[in-house]
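**Student:** sequence and predicted structure below; questions after.
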Amino acid sequence: MKDIDKNKLSADDWDELNNPRPQGCEFDRVVEEAISRRGFMGGVLAFGSGAAVMGTGTLLSTTSAEAQARSRFAFTPIPIHTDATVHVPDGYRWAPVVRWGDPLFSNAAEFDPEKGHDAETAQYVFGENTDGMWLYSIDGHEVIAVNSEYANREINLPASGGVPQNADDVLMLQRIQGVTVMEVAPKSGGGYEVVVDSPFNRRIDHNTPMRFAGPAAGHDLLKTDADPEGMNPLGTINNCGSGPTPWGTYLTCEENFNGYFGATDAGTELPEDYARYGIVAEGWGYDYHRFDDRFDFAKNPAEPRRQGWVTEIDPSDPNSTPVKRTALGRIKHENAAVALAPDGRVVVYMGDDERGEYLYKYLSNGVYSPGGPTDHLLDDGQLFVARFHADGTGEWLPLTPETTGMGEAEILIFTRMAASAAGGTTMDRPEWVQVNPIAVEGYASLTNNKNRGVKPNAGGDDTSVNGPNPREANNYGQIVRWFPANDDHATAAFRWDLYVMAGNPVVAEGAYKGSANVNEGNMFNSPDGMMFDSAGLIWIQTDGDDSNEGEFEGMGNNQMLAGDPVSGRIERFLTGPTGAEVTGLCWSVDRKTMFVGIQHPGGSFPDGEGLPRSTLIAVWREDGGLVG
Ligand code: FEO
Ligand code: CA
Ligand code: CA
C-alpha cells in the first residue's frame, strides 16, 4: 500500500485494493452469441429505434436510413486531439462559463491561481469537478443545477500534497463538492456567464441539512446519536450524474460515497454490509474522519448508510430542503433517467457504477399529473433489477421480500445484496442511463470492466461474459439499449441489443475491434455521460484512457460524440483537454447553446497558467443556429 499514490487511483481501483476479490470465476471464452451479436449490430435497424421512429413497424432500408442519418448531423466531424484545450467543429465556438473557484456571490475572495481558496471562500464559489447538470427555466431566468463530484486533493491542498492537516482543510473540501445551483445569462458575442448574487444561487455541500423520505426513512439502520429519528441526514456526497424530473426538480446521484468515511480506531469491527460498498477504515485520503467525527464510523457506524441515495433538489427555491428518496435504493448511483409510462406512472432508470454491479428501474404506484402533487411519486413504488438473456430478451425482476429474503427497508438500504439475491445480470460498470425522447427505449453506457470473466463482483456474484457484457477483460466498454414490451416503460419484459461496442479497429483483434459502427475516424473508449437532444440524437461522453498508446492508440483525449439511434452512425463533435473527462451536458432554453462539463483537466486548463480548473463551457454555432 505504501508505494501506491492514492490520489492517482480511480474509485474502482481503490475499492478493489482494499477489498481484493478472489480469482474465482472461470475464464470463459467470449460466448458465441457475443461474436454473432457484432454482426447483428451492423443491422442496428433490425428493431427498436428504426421501427419506433418511423412508426411503421417495418425495417428501414439502408439507403433511406443513411440519408436520414446524414441530415441529422449538423456538423463536420473532428479528428482526435492530444493537446491541452477543447476542440469543436468548424462553424462552432466554445468558451468557459464558470471555473472551479469562480464567484457565485460578490463576497467571495478572489481565486488564487497557485493556491486555490480557503474554507471561508469555498462557500461562495463554483465547486470543483463538474459532472451531471440540467438547466431550468424559472420565471424567465435560466438556472443551472450542476454537480461537483469530488475534490482533487493535491490541487486543493498543494502545500500539503493533498493531505488535510486540520478541520479547516476538511471543511474546505466539504464545501467545494456537492451541488451548485446558479443563474446564468447570455453574454454579448456568444457564450454565457454566471449571474453573480442571483437569488437562485446556492451551494449544497457535504454538510447541508436534508431529509429522508420513502420506506427506509426513520429505520433503525439510519439512526445516529445526532439524528435519533433517522430522518435528517446531512449532506450529499460524490454527486456524479443527475436527471431532471417532469415536475422541475433535479435528481443528484451519490456515487462513490464510501471513500469519504474512515475510522480513527483501525481495530474497529466493520459491520457486515460495509464490504459490499467498499467502506474501509483507512478511507481514500479525504481524511474527514480524522477531523470530523461524523465521518468516523468507529463513532458513527450508521453514517455511511445515510449516503448512496438519489437526492431531489428544487432549484426554484433556494431555501428548500433536499430530499433523499430511499425508494430508489442505495447503490453507487451514477445518474437517474426519468420516463413516464403511458398511464402516467413514473419510471426511473439507474445504474450502479462498479465492476459487476447492476442496472435498476423504479416504478411509481402513483401517476404524474402536470400541476398535481408530486411529493409521493418517488416514495411509493417498486424497485427492480435488470436480467438480460443471451437471446436478446430480458426482464426487470422486482426486489421484494419474496425475491430477496430481505425486509422492505433492508432491500432499499442494502440494495446491492438484494439485487444479487434476486438474480440480476452483472454488468460492465453501468454509468449513465438515458431514455430516448422520441422512441420508447432506454440506453445505458457500460463503461469498461477489466474484471469481466476474470473475477466475481464484491458480492461474489459470477461475472462470466454474458449477453450485453460479451468481452472478457473489457477495456473499451459498450452501450446497451432496451426496448420495453408494448412500448411501455412500466412493463417488465424487454428486448435488448448493443447500440455500440467501443473498440479499436486498427490495433485490436476480434470483438475488441468494436461493432460495425466503430471506425478509425470515430473510435473512442469508455462511454460514460450520455444525453439525448430534442431531435433524438444521443450525445456520448467518454471517461477513458487518453494515453493514445497501445490498445488506445488513435483514440486521443476524452471526447464527446453524437450518435444516431436509427442508423447507428456515430461522429466525433468535441475533444477535451489532456487529462480531462468530458461529462455533463445540457442546453439553454433556446437550444442555441450547449453546456458541457470538463472535469479534472490536466495542464493549466483553461487559463494556460496556474492550477488546472474544472470548467463548465458553453458551445454555440457562429451562425446562431440550434445545437440540440
Ligand atoms: Fe462518477 Fe461512474 O462516474
Ligand atoms: Ca461518470
Ligand atoms: Ca467513468
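**Tutor:** That came in fine, so what should we check first? Just so we're clear, the structure is a prediction, and the values are computed from it rather than from any experiment. Numbering: from 1, shown residues only. Ligands and ions are numbered 1, 2, ... in the order given.
**Student:** list the contacts of the residue in the stretch 451-600 of the chain that ligand 1 sits nearest to.
**Tutor:** Nearest residue of the stretch 451-600 of the chain to ligand 1: residue 528, at 6.2 Å (CB to the nearest ligand atom). Yep, even glycine has a C-beta here, placed from its N, CA and C like the rest. Residues in contact with residue 528 (CB atoms under 8 Å, 6 or more residues apart in numbering) are 431-432, 445, 447, 541-544, 581, 583.
**Student:** for it, which three-state class applies?
**Tutor:** Using DSSP: H, G, I helix; E, B strand; the rest coil, the secondary structure recorded for residue 528 is strand.
**Student:** what distance do you get for it to residue 454?
**Tutor:** For residue 528, the distance to residue 454 equals 21 Å [CB to CB, to the nearest Å].
**Student:** same question for residue 103.
**Tutor:** 47 Å.
**Student:** all strands for the stretch 401-550 of the chain, in order.
**Tutor:** Using DSSP state E, counting those that start in this stretch, the strands found in the stretch 401-550 of the chain span residues 430-435, 442-446, 478-484, 493-501, 527-532, 538-542.
**Student:** would you turn these into a markdown table with mean pLDDT?
**Tutor:** Output for those, formatted as a markdown table (pLDDT from 0 to 100):
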| stretch | mean pLDDT |
| --- | --- |
| strand 430-435 | 98 |
| strand 442-446 | 98 |
| strand 478-484 | 98 |
| strand 493-501 | 98 |
| strand 527-532 | 98 |
| strand 538-542 | 98 |
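**Student:** hey, which helix or strand in the protein has the poorest pLDDT?
**Tutor:** Here the helix or strand of the chain ranked lowest by mean pLDDT, DSSP states H and E is helix 49-54, holding a mean of 34.
**Student:** of the contacts of residue 528, list those near ligand 1.
**Tutor:** residue 431 (CB under 6 Å from any ligand atom).
**Student:** and the contacts of residue 528, which two are furthest apart?
**Tutor:** The distance between the two most remote of the contacts of residue 528 (CB to CB) is 14.0 Å, for 432 and 544.
**Student:** look at these two and report which has more neighbours.
**Tutor:** residue 432 (32 against 22; other CB atoms under 10 Å).
**Student:** contact partners for that one?
**Tutor:** 241, 334-335, 337, 351, 444-445, 528-531.
**Student:** give me the subset of these touching ligand 3.
**Tutor:** Among these, the residues lying close to ligand 3 (CB under 5 Å from the ion) are residue 528.
**Student:** what is the nearest of the contacts of residue 432 to residue 560?
**Tutor:** Using CB to CB, the contacts of residue 432 come closest to residue 560 at residue 529, 8.0 Å.
**Student:** now for the closest residue to the closest one other than its chain neighbours, how many residues are close by?
**Tutor:** Closest residue to residue 529 apart from its sequence neighbours, by CB to CB, 6 or more residues apart in numbering: residue 541 at 3.4 Å. Counted by other CB under 10 Å, the residues lying close to residue 541 total 28.
**Student:** what residues are up against residue 541?
**Tutor:** The contact partners of residue 541, taken as CB under 8 Å, 6+ apart, are 527-530, 558-560, 581-585, 596.
**Student:** adding distance to residue 261, write those out as CSV.
**Tutor:** Below are those laid out as CSV (distance: CB to CB, whole Å):
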residue, distance to residue 261
527, 30
528, 25
529, 26
530, 30
558, 29
559, 34
560, 33
581, 24
582, 29
583, 24
584, 26
585, 31
596, 32
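**Student:** of the residues you listed, grab the buried ones for PyMOL.
**Tutor:** Command for PyMOL that selects the buried part of the contacts of residue 541, burial taken from 16 or more other CB atoms under 10 Å:
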select buried, resi 527+528+529+530+558+559+560+581+582+583+584+585+596
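**Student:** close to ligand 1: what parts of this protein are there?
**Tutor:** Close to ligand 1, as judged by CB under 6 Å from any ligand atom, the chain has residues 149, 240, 255, 334, 353, 431.
**Student:** list the buried residues of the helix or strand in which the second one is found.
**Tutor:** The one in question is residue 240. Residue 240 is part of strand 239-244 when elements are defined by DSSP states H and E. Neighbour counts using 16+ other CB under 10 Å place 239-244 of strand 239-244 among the buried residues.
**Student:** which residues are in contact with that strand?
**Tutor:** The contact list for strand 239-244 (CB under 8 Å, 6+ apart) reads 131-134, 136, 145, 147-149, 177-179, 250-256, 333-338, 348, 353, 431-432, 529, 583-584.
**Student:** list only buried entries from those residues.
**Tutor:** Buried members of those, counted by 16+ other CB under 10 Å: 131-134, 136, 145, 147-149, 177-179, 250-256, 333-338, 348, 353, 431-432, 529, 583-584.
**Student:** for the residue in the chain positioned nearest to ligand 3, give me phi and psi.
**Tutor:** Residue of the chain nearest ligand 3, by CB to the ion: residue 543 (3.5 Å). As for residue 543, its main-chain torsions (degrees, to the nearest 10) stand at phi -140, psi 70.
**Student:** picking up where we left off before, in TSV, list the strands of the stretch 401-550 of the chain along with distance to residue 275.
**Tutor:** Output for those, formatted as TSV (distance: least, CB to CB, whole Å):
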stretch	distance to residue 275
strand 430-435	20
strand 442-446	24
strand 478-484	28
strand 493-501	31
strand 527-532	26
strand 538-542	31
